Structures are given as structure tokens and as C-alpha cells.
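*Asks:* Mind looking at a prediction? Sequence and model below.
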Amino acid sequence: MDSLFNLFVRSVFIDNMIFAYFLGMCSFLAVSKTVKTSVGLGIAVIFVLLLTAPINWLVDTYLLKPGAMAWISSSLANVDLSYLSFLIFIAVIAAFVQLVEMFVEKFSPPLYNALGIFLPLIAVNCAILGVALFVQEREYQTLSEVTVYAAGSGVGWFLAITAIAAIKEKIKYSHIPPPLRGLGISFILTGLMAIAFMGFMGIKI
């Protein structure tokens, strides 16, 4: 239990997808104009991660890795389908993003309109694909580890986009030099927040 808690804390604060790896910057910068839309997209990202990361891990572990299909038949023990991992991961992510898009459109049309093109673009959000690839690279052994890591990564992304949206709302009427308005101040804020999150690297986990 302690190791799972440590994994969750590390994925939220130390290995934050935005501030440590700068993954998912497209929607992070574009949607973080208001807290309301940022919260909506952040929850959608958490939901997609919680569903797709475990499924992708199961597919990779029991179908794609070299020898993974030995449980089906001994004749398949030498089959290696790992070259299909990118394609399968993206297909699984795209399928669940479509479900999320349909759900949001039906139950929250204002949020659906506010998110616009960036809701379906979750399918190619680098943070979501990054989680699947990090799970593969770090060779997590259990489904619980994968789920906790996905949850922590999603919460970390949620915190990042909500925090910068709140800051943007606060500085909306501040005097910002014209050359830095818009993306300029967003990049500066992201860099400063990334430096702040580096302070969590001192936590002994």
C-alpha cells in the first residue's frame, strides 16, 4: 500500500506530465483560459487515463510482448507483436475519447462547446499516450500499479491546467507588456510553475 501511495504522489508532483515532461502542452495552453473549462478537460483526461492505461497494459502484457501469447498456445510463444503497440495504444485511446465526447455533448453541452476541438484532441494528447508508453518502458508488473500511476498522472495534469487557468484569471486585468500577452505570459507562467514543482524532487519517496 505504501508503495502505491508513493507511486501516486510521485506521478502527481515529481513526474508531472506537464511540468516534468511537458507532455500535453497543446490543450494545456489552449484550454486554460478559464477555470471552468480547465476543470472539465482535466476531469475528462483523468477519466480517459483511468480507462485506457490499464487496458493498454493488459493488451501489451498478454498479446503484444514477445512470448505474451504463450498462455493461448505454446505454438504462439515465439510471436512478437510489440511493433503494433503504438497503433493499438492510439486506437484504444481514440475509442474511449469518442465515448467521453459523446457523454459530454449529451450531458453538458455548454462545456462541450467551450472545449471545442480540444475535447476530441484528447485522442492525440501526448500526456495520455505518454502514460501508456511510460508504463511499458518502466515495466510495471501489476494492474494496481498501472491504475495508480494513471490516476496520479491524470490528477497531476488536472492540477497543472487548473492552476494556470486560475492564475490567468487573476492576472487578466493586470498590466502585462503587450509583447508578452497571450502565449508569452503563458509560457513564462508554465516555466515558473515547473521550477516550483522541481522543489518536490527533494521529497524522499
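*Replies:* Cool, the structure landed.
*Asks:* Could you check the lengthiest helix in the chain and say which residues are buried?
*Replies:* The longest helix of the chain (DSSP state H) is helix 143-170. Neighbour-count burial for helix 143-170 flags 145-165, 167-168 (criterion: 16 or more other C-beta atoms under 10 Å). Any C-beta I mention is one placed from the backbone N, CA and C, and that applies to glycine too.
*Asks:* go on, stretch 78-90?
*Replies:* In stretch 78-90, counting by 16+ other C-beta under 10 Å, buried: 79, 81, 85, 88, 89, 90.
*Asks:* how about those in TSV, adding pLDDT?
*Replies:* Shown next, in TSV, are those (pLDDT from 0 to 100):
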residue	pLDDT
79	85
81	89
85	91
88	92
89	93
90	91
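*Asks:* So which of the residues you listed is the closest to residue 116?
*Replies:* Using C-beta to C-beta, residue 90 is the member of the buried residues of stretch 78-90 that lies nearest residue 116, at 21.4 Å.
*Asks:* Which parts of the protein are helices?
*Replies:* Remark: helices assigned in the chain by DSSP H are 2-9, 25-31, 35-59, 85-107, 109-115, 126-138, 143-170, 183-198.
*Asks:* so which of those comes closest to residue 75?
*Replies:* helix 35-59 (20.4 Å).
*Asks:* tilt between that closest one and helix 126-138?
*Replies:* 30 degrees (axes from the mean of the first three to the mean of the last three C-alpha atoms, to 10 degrees).
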